[in-house]
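Asks: Below is the sequence, then the predicted model.
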Amino acid sequence: MYNPVKPYKKQTIDLIRQTWNTPFVEVKDGIYPIIEKKFSGLEVDHTDGIGTKGFYHWRERTFKNAVLDALAMNLNDLALARAVPYKLQNHITVPKEDSGIIEIIEALSAECQKRKIAITGGETSVHNNFDCLDIGITISGFIENFKPNKFIIGDRLIGIKSNGLHSNGFTKVREVFGEEQRAEFVEPTAIYLDKILELDKKYDLHGLMHITGGAYTKLKDLLVEADVKISRNHKLRPQQIFEDLHSKGVLEEDMYKIFNCGIGFIFSVTEEKAKEIISENENMDIIGEIVSGSGKVIVESYFSDNILEY
């Protein structure tokens, strides 16, 4: 039975307070946390959740992985602004009152302590008409060095390997696989933010894109009088789960609109820098280039000899 007094309230507050020792903010206790920033300058906020993937996490009780997914969906998008995360608020939705709630908050607190992110508020709600978990998160970040995020004609595209489905496309996954359960369905999304910030300082990256909902069509957002051309001749092959989705009837044109197909993040740099970067990072490869054009994304399909155009 749902308890409106929130039986995990004291544990939750104690776990939240453990995240307040950061170099970025000073948090004062009160009815709500009061925040004093230790920096000035540009900031950005980002909100996302785990969507349909929460169905599998709730069923398998993979709560730590669910937290990593929720963080990744925000942190990887903050990478597009080259932002350093410093505070977080969350909304956890569950289908019933359950000890899993505190497991989720424990995992979130631990990850935030590692990343020096202060949890400054949140809410837990029980929706008995749900069959899944959702973790909605808003993360604030500050930008040390603002630069436009766009592809430049002549750039080479570098892809970073995904570790599978990540956290998008699960409505289609559930449609295709029904009640089947696979380990890939609860594998947490890779987090790319730290590597992107590191590479940007060293190599001055140009265009940055997290390959999530909309997948490769999102690359159109970074094009001005240019096209993206993605080759099939690289080492970042789709994992077996993507081949299985295609073999079960998902059209290849939809594969590249819905799923990452083995590449979780794409960025662009000059040809010279691209060669240096991939020589130092084995989970990356040059996957294409930016050429003059009219805003198209052109993909050589891995699943056939077809060339797809978006």
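Replies: Structure's in. What do you need? Residues are numbered from 1 along each chain as shown.
Asks: rest of the way, CA atoms for contacts and neighbours
Replies: Noted.
Asks: so where is the stretch 1-150 of the chain shaky, pLDDT-wise?
Replies: Applying pLDDT under 70 to the stretch 1-150 of the chain picks out residues 1-7.
Asks: got it, and the stretch 201-310 of the chain?
Replies: Using pLDDT under 70, nothing in the stretch 201-310 of the chain is flagged.
Asks: show me what contacts the closest residue to W20 other than its chain neighbours?
Replies: Using CA to CA, 6 or more residues apart in numbering and skipping residues adjacent in sequence, the residue nearest W20 is A118, 5.0 Å away. By CA atoms under 8 Å, 6 or more residues apart in numbering, the residues touching A118 are I16, T19, W20, N21, T22, V25, Y86, K87, L88, C112.
Asks: In contact with the fifth one, which residues are there?
Replies: Residues touching T22, when contacts are defined by CA under 8 Å, 6+ apart, comprise K116, I117, A118.
Asks: Tell me the one of those nearest A81?
Replies: I117 (17.2 Å; CA to CA).
Asks: So L78 sits against H46, correct?
Replies: Yes. Applying CA atoms under 8 Å as the test, L78 and H46 come out as touching, 6.9 Å apart.
Asks: Please compare the two by neighbour count and tell me which comes out ahead.
Replies: L78 (25 against 16; other CA atoms under 10 Å).
Asks: Can I get the helix or strand harbouring the more buried one in CSV, CA atoms only?
Replies: In this assignment (DSSP states H and E), L78 forms part of helix 63-78. What follows is helix 63-78, C-alpha atoms only, in CSV (Å, rounded to 0.1, in the frame of the first residue of the first chain):
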residue,chain,number,x,y,z
PHE,A,63,18.4,-0.2,-10.5
LYS,A,64,22.0,0.9,-10.6
ASN,A,65,22.0,0.4,-14.4
ALA,A,66,18.9,2.5,-14.6
VAL,A,67,20.6,5.3,-12.7
LEU,A,68,23.6,5.1,-15.1
ASP,A,69,21.2,5.3,-18.1
ALA,A,70,19.4,8.4,-16.7
LEU,A,71,22.8,10.1,-16.0
ALA,A,72,24.2,9.1,-19.4
MET,A,73,21.2,10.5,-21.3
ASN,A,74,21.8,13.9,-19.7
LEU,A,75,25.6,13.9,-19.5
ASN,A,76,26.1,12.8,-23.1
ASP,A,77,23.8,15.6,-24.3
LEU,A,78,25.6,18.2,-22.1
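Asks: Counting neighbours, what do you get for P33?
Replies: Quick note: P33 (other CA under 10 Å) scores 16 neighbours.
Asks: With adjacent residues omitted, what lies nearest to Q113?
Replies: That would be T19: by CA to CA, 6+ apart, it lies 5.1 Å from Q113.
Asks: For K28, see how far away that neighbour is.
Replies: 12 Å (CA to CA, to the nearest Å).
Asks: Between these two, tell me which one has more neighbours.
Replies: T19 (23 against 14).
Asks: what's the distance between that one and G164?
Replies: T19 is 30 Å from G164, by CA to CA.
Asks: again with A190
Replies: Where G164 is concerned, A190 sits at a distance of 9 Å (CA to CA).
Asks: can you give me the helices in the stretch 201-310 of the chain?
Replies: Per DSSP state H, counting those that start in this stretch, the stretch 201-310 of the chain carries helices over the ranges 240-247, 252-258, 271-280.
Asks: now the helices for the stretch 1-150 of the chain?
Replies: Under the criterion DSSP H, counting those that start in this stretch, helices of the stretch 1-150 of the chain are mapped to 9-17, 53-60, 63-78, 100-115.
Asks: Let me have those in JSON lines, extended by distance to E198.
Replies: Putting those into JSON lines (distance: least, CA to CA, whole Å) gives the following:
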{"stretch": "helix 9-17", "distance to E198": "28"}
{"stretch": "helix 53-60", "distance to E198": "30"}
{"stretch": "helix 63-78", "distance to E198": "14"}
{"stretch": "helix 100-115", "distance to E198": "15"}
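Asks: got the domain boundaries for this structure?
Replies: 9-143, 156-309 (automatic domain parsing).
Asks: Figure out which of those is closest to K150.
Replies: domain 156-309 (4.3 Å).
Asks: need the strands for the stretch 51-200 of the chain, in chain order.
Replies: 83-94, 118-126, 134-143, 156-161 (DSSP state E, counting those that start in this stretch).
Asks: Could you measure from F177 over to R237?
Replies: From F177 to R237 the distance is 22 Å (CA to CA).
Asks: what do you get for E144?
Replies: 34 Å.
Asks: now do K257
Replies: Taking CA to CA, one finds K257 at 16 Å from R237.
Asks: between these two, who's got more neighbours?
Replies: Each of K257 and R237 had its neighbours counted (other CA under 10 Å), and the higher figure belongs to K257 (20 against 15).
Asks: Quick check: that one touching I211?
Replies: No. In this structure, K257 is not within contact of I211 by CA under 8 Å, at 9.8 Å.
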